[in-house]
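Participant: Sequence and predicted structure are below.
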Amino acid sequence: MAKSSAMTIRIDPEIKSQADNVLQYLGMTTSGAVTIFLRQVILNNGIPFLVKAPAYNEETLAALREAESIAKNGSHRFNTAGEMFKELGI
């Protein structure tokens, strides 16, 4: 690499930390990963992966809300599989 150019970006510290951990496990630096990403942008003449909002249907959204509520409120916890089956009427 003949020359280098500095780049300053703002990123959530937790996202950076998690990404750094994954990249370190892969034997890469964040700088190296950004370089790979930018090279792929050039090769693909755009972002090298699909960028879109998840399209969840109403049933899936309701299930996600229910799961979040259960996790938050601690309801629907069972000590045994038998208790769960009894609650479910199975």
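Facilitator: That came through, no problem. Keep in mind that what you see is a predicted model, and the values were worked out from it rather than measured.
Participant: Can you pull up the most central residue in this protein?
Facilitator: I15 (9.5 Å; C-alpha atoms, centre = their mean).
Participant: distance of that one from R77?
Facilitator: 31 Å (C-beta to C-beta, to the nearest Å). (Glycine included, C-beta is placed from N, CA and C.)
Participant: ok, now Q24?
Facilitator: Distance from Q24 to R77, by C-beta to C-beta: 37 Å.
Participant: Check what contacts the host helix or strand of the residue nearest to the centre of the chain and list those residues.
Facilitator: Assigned by DSSP states H and E, I15 falls within helix 13-25. For helix 13-25, the external contacting residues (C-beta atoms under 8 Å, 6 or more residues apart in numbering) are T29, T30, G32, A33.
Participant: Just the buried positions in it, please.
Facilitator: Residues of helix 13-25 classed as buried by neighbour count (16 or more other C-beta atoms under 10 Å): L23.
Participant: quick one: that helix to chain centroid distance?
Facilitator: The chain centre lies 12 Å from the centre of helix 13-25; the measure is C-alpha atoms, centre = their mean, to the nearest Å.
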